[in-house]
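> I'd like to go over a predicted model; first the sequence, then the structure.
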Amino acid sequence: MTADLAALLATERERFLADHPRSIALAQASAQHFLFGVPLHWMRDWPTPATLFVREAHGVTLTCADGHTYADFCLGDTGAMFGHSPPVLATALAGQAKRGLTCMLPAEPAADVGALLARTFGLPLWQLALTASDANRFVLRWARAITGRAQLLVFDGCYHGAVDDTLVDMDPATGATLRRPSVLGQVHNHHAFTRVVPFNDLTALDAALADGQVACLLAEPALTNCGLVPPDDGFWPAARELCRRHGTLLVMDETHTLSTAPGGYAKAHGLAPDFFVAGKAVAGGLPCAVYGFTEAMAGRMRAAKDAAPEGHSGIGTTLSGNALTLAALHAALTHLHTAASYAHMNTMADRLEAGLSAHIAAHALPWTLTRLGARMELQFLPHTPRRAQDVRDHPNDTLEALTHLYLLNRGVLLTPFHGMMLLSPATQATDVDRLLAAFGRLCALLQG
Ligand SMILES: Cc1ncc(COP(=O)(O)O)c(C=O)c1O
């Protein structure tokens, strides 16, 4: 690559500032009362020199405060995987909004929602939470309670939300559990309770489980939060068997891998987890997460609860399972998690994959495209990664920032923290072609 990346990035930053006077004004006003100028500090993690403010979002078209439109491939980092404000969801929410939002009692559709969850994801019993972070926290508590084991096992490079136990890294030299240095206010003694092994490493997995102390393996089917790291052929069937042999529960966090197929990766691949977790898009983007489990787990969960004294279980939050959430979940499970949705998402993903691969090859760039159903990752490394360390070995912050900002300035949004592109039932060929045209121009620019 011959281009001066820093100079190109500076040019794109200037272009953004010139094009977004209204966003800049809103950013200045918001800074008066919001820390970092935004309601959630992650909203500043985009490579834009000022925050981009959103006027509205429909389908995959996002309109910013300055009136520019964008083809959205970030889709709220998966929350809007089925498109922004799908009409069936908007109608269901408007209807329920007139009939009560939250009562600390189940709304009438609860039984139907339970049946839809079982049909969609293939597990018989369910509980609700408001975020995937919460759902993971609650499942972890159940797993420890029912196994009587203290240890948790995760893969290096994992992200399962704001769950203290999982915010750890692996020392590449010794395999020991390390604090993740970026985590604020960290006081827990993680290395006493969380074990970490590299993804796709069955030997390390077997060794970590061998002493029979691990309550559960909490894992994504593919790592989706340090680039996209797919499982080796045969990895999951073997890992599943190891968990069984060592009495460790398998928890599949499918918050992102729902993009694989209807019902998620585990269902599509016949993996039979003990627990299944999904959040973000599960109710079409309204705050909601679900966790499902087998009859065997349910029996052990009932026994644990019955054996505990009256009082706080540490599982649940006041608004979990509220009426508005149930209405959204009902609409999403009925109309969005369908074979037709995924067929369209995959057709669009085929088009995007072919186009991006052609540009990468035509410009002989040392980059890789990794795909999982309707989710795709542009990775600035020459081969498909097998573990988190492969991704860490190829840092390229400036190139990543330039790619995002260049595309954003030309009306295309990618997911900020990495090069993820997600296709939705609302994505059209014209959206894909808009991305491909801008990406082709960027490739040419980079090769001088
Ligand atoms: C795999 C996975 N699980 C859980 C979460 C947490 O989701 P939330 O931030 O909605 O709680 C994330 C967030 O990115 C995730 O990627």
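That came through, no problem.

> pLDDT weak spots in the chain?
Low-confidence regions of the chain, defined by pLDDT under 70, span residues 1-2.

> what sits against the residue of the chain found nearest the ligand?
Closest to the ligand within the chain is Gly161: 2.8 Å, counting by C-beta to the nearest ligand atom. All C-beta spots, glycine's among them, are computed from the backbone N, C-alpha and C. By C-beta atoms under 8 Å, 6 or more residues apart in numbering, the contact set of Gly161 is 131-134, 136-137, 255, 279.

> Could you give the number of residues near the closest residue to it other than its chain neighbours?
Sequence neighbours aside, Ser133 is the residue nearest to Gly161 in space, at 2.9 Å (criterion: C-beta to C-beta, 6 or more residues apart in numbering). Ser133 has 19 neighbouring residues, counting by other C-beta atoms under 10 Å.

> For the stretch 251-400 of the chain, what lies in contact range of the ligand?
253, 255-256, 279-280 (C-beta under 6 Å from any ligand atom).

> again, 5 Å this time
253, 255-256, 279 (C-beta under 5 Å from any ligand atom).

> I'd like those residues as TSV, with secondary structure appended.
TSV is the format used below for these (DSSP: H, G, I helix; E, B strand; the rest coil):
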residue	secondary structure
Asp253	strand
Thr255	coil
His256	coil
Gly279	coil
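
> Report the buried members of the residues you listed.
Among those, those classed as buried by 16 or more other C-beta atoms under 10 Å are 253, 255-256, 279.

> ok, Ala298 to Thr61 distance?
Taking C-beta to C-beta, to the nearest Å as the measure, Ala298 falls 43 Å from Thr61.

> If you count residues, where's the longest helix of this protein?
For the chain, the longest helix by residue count, based on DSSP state H, is helix 339-362.

> ok, for Leu223, nearest residue in space, not its chain neighbours?
Val229 (3.9 Å).

> residue contacts, that neighbour?
With the criterion set at C-beta under 8 Å, 6+ apart, Val229 makes contact with 157, 199-200, 222-223, 370, 385-388, 390-391.

> cool, Leu329 as well?
Leu329 sits in contact with 113, 116-117, 128, 282-283, 288, 290, where contact means C-beta under 8 Å, 6+ apart.

> swap the cut-off to 7 Å and go again
Residues in contact with Leu329 (C-beta atoms under 7 Å, 6 or more residues apart in numbering) are 113, 282-283, 288.

> That one looks like it's in a strand, true?
No: according to three-state DSSP, Leu329 belongs to no strand; its state is helix.

> Renumber starting at 732 from here on
That works, and once the first residue is 732, the last one we named lands at Leu1060.

> Thr1158 contacts Gly790, doesn't it?
No: contact criterion C-beta atoms under 7 Å: Thr1158 and Gly790 do not qualify, at 8.0 Å.

> Which helix or which strand is home to the residue nearest to Gly892?
helix 863-878 (DSSP states H and E).

> Counting by contacts, list what that helix packs against.
strand 945-950, strand 980-984, strand 1006-1009, strand 1020-1024, helix 1026-1038 (3 or more C-beta pairs under 7 Å, 6 or more residues apart in numbering; DSSP states H and E).

> Redo the ones you listed as a markdown table? Include distance to Ser1088.
Below are those laid out as a markdown table (distance: least, C-beta to C-beta, whole Å):
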| stretch | distance to Ser1088 |
| --- | --- |
| strand 945-950 | 28 |
| strand 980-984 | 29 |
| strand 1006-1009 | 29 |
| strand 1020-1024 | 34 |
| helix 1026-1038 | 42 |
